[in-house]
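Chemist: Sharing a model that was predicted from the sequence below.
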Amino acid sequence: MITPRLAHDRGHANHGWLDSFHSFSFADYYDPAHMGFGALRVINEDRVQPGMGFGTHGHRDMEIVSYVLDGELAHKDSMGTGSTIVPGDVQRMSAGRGVTHSEFNASREREVHFLQIWIQPAVRGVAPSYEQANVPIAARRGRLALIAGPDGSGAAVTIHQDAKLYATLLDGDESVRHDLAAGRRAYLHVARGSVRLNGTPLAAGDGARLEGEPSITLDRGDAAEVLLFDLA
C-alpha cells in the first residue's frame, strides 16, 4: 500500500529568517496522524536566509542527518567539530548522551536549502559522534546511492539504527528499483523535481509511506532528487 503525503499537507512555519516545512510533527506543529514512521521521526525542509541560522542548542539520543540541496551550511558542535556542508554532502551527528551544536547559513548572499532528518537510534546513551561524506553526482545519477545506514552496510555515513537512507537523481528515461525484504517498509521524499513511484506521480515536497510493497520502482523523473528510507 502506498500512502502519499502531499507537500501542501505538511506543517509549515515561516520565521522570516527560516522557512520550514515539516513532514512529521515538529515544534509547534502537531498532527497525531503524522508523528513519524518507524524509526524515522523528522523530515524538515528548511530554507535559511543569508547569514542566519540556528544558535547553539542541545540534543540527546537522536541520529541527525543533514542533506544540502543548495547553498552552504556551516556546522559547529561541542565535540569540537567545525565544517561546511555543500550539495552532495551528507552529514550525520549522533547526539547520544548529549551534544550541543549550531547550524548557520555560511553565505551572506544566498539562502541555504537543506533537509534535516532525525532517526531514532536503536541504542540510547552512546558517545556523541560526527561524520560527513561527499556522495558524487555520478554515484546518484540513475542509481540508488546508500548515503546512511547501520555499521557494516557500506553507507557513506553510519547511523545507530536498522535503517538505510538512499539518494538518487532521475531525469528522462532513467529508472531505479529497490526490493524490500519481508516485514520491512519504506518512506519516500521528493526533494525536488517530479517522479513516478510504482505508477503514482509525486512532485517536489511530496512524500509517501510504503507498507506491504515487495518492491519500489522510480521512473519518469523530471530533474528529480529523491530520498528513500528502507525501515524495519
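Modeler: Thanks, I have it.

Chemist: Please report the number of neighbouring residues for Trp17.
Modeler: Trp17 has 15 neighbouring residues, counting by other C-beta atoms under 10 Å. Any C-beta I mention is one placed from the backbone N, CA and C, and that applies to glycine too.

Chemist: Run through the helices of the chain in chain order.
Modeler: Along the chain, the segments classed as helices by DSSP state H run 137-140.

Chemist: Nearest the middle, which residue of it would you pick?
Modeler: Ile117 (4.3 Å; C-alpha atoms, centre = their mean).

Chemist: So which bits of the longest strand seen in the chain are buried?
Modeler: In the chain, taking DSSP state E as the definition, the longest strand is strand 215-231. For strand 215-231, the neighbour count (16 or more other C-beta atoms under 10 Å) marks 216, 218-221, 224-231 as buried.

Chemist: Give the partner strands of it in its sheet and their orientations.
Modeler: According to DSSP bridges, strand 215-231 forms sheet pairs with strand 163-170 (antiparallel), strand 176-179 (antiparallel), strand 185-197 (antiparallel).

Chemist: Out of those strands, which is closest to Leu6?
Modeler: Evaluated with C-beta to C-beta, the strands paired with strand 215-231 place strand 185-197 nearest to Leu6, the distance being 10.3 Å.

Chemist: unless I'm mixing things up, Ile137 is touching Asp171, no?
Modeler: No. Assessed by C-beta atoms under 8 Å, Ile137 is found out of contact with Asp171, at 11.6 Å.

Chemist: hang on, the earlier thing: could you dump the strands paired with strand 215-231 into CSV and include distance to Glu109?
Modeler: Formatted as CSV, those follow (distance: least, C-beta to C-beta, whole Å):
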stretch, distance to Glu109
strand 163-170, 26
strand 176-179, 35
strand 185-197, 21
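
Chemist: Can you say which of the ones you listed is packed in most?
Modeler: Comparing those by mean neighbour count (mean count of other C-beta atoms under 10 Å), strand 163-170 comes out on top with a mean of 24.

Chemist: what's in contact with that strand?
Modeler: Here strand 163-170 makes contact (C-beta atoms under 8 Å, 6 or more residues apart in numbering) with 38-40, 65, 67, 90, 117, 119, 135, 137, 140-150, 153, 155, 159, 176, 178, 193, 195, 218-219, 221, 224-232.

Chemist: Out of the buried residues of strand 215-231, give me the two with the largest separation.
Modeler: Taking C-beta to C-beta, no two of the buried residues of strand 215-231 sit farther apart than Arg220 and Leu231, at 24.8 Å.

Chemist: so how many other residues sit close to His59?
Modeler: 18.

Chemist: roughly how far out does stretch 125-132 sit from the chain middle?
Modeler: 18 Å (C-alpha atoms, centre = their mean, to the nearest Å).

Chemist: Show me which residues of that stretch are buried.
Modeler: In stretch 125-132, counting by 16+ other C-beta under 10 Å, buried: 128, 130-132.

Chemist: I'd like to know which of those is nearest to Tyr187.
Modeler: Out of the buried residues of stretch 125-132, the member with the shortest distance to Tyr187 (by C-beta to C-beta) is Glu131, at 22.0 Å.

Chemist: which ones are touching that closest one?
Modeler: 91-93, 157-158.

Chemist: cool, Leu115 as well?
Modeler: With the criterion set at C-beta under 8 Å, 6+ apart, Leu115 makes contact with 43-46, 66-67, 69, 189, 191, 227.

Chemist: Take those and write them to a markdown table, including pLDDT.
Modeler: Output for these, formatted as a markdown table (pLDDT from 0 to 100):
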| residue | pLDDT |
| --- | --- |
| Ile43 | 99 |
| Asn44 | 98 |
| Glu45 | 98 |
| Asp46 | 98 |
| Ser66 | 98 |
| Tyr67 | 98 |
| Leu69 | 98 |
| His189 | 98 |
| Ala191 | 98 |
| Leu227 | 98 |
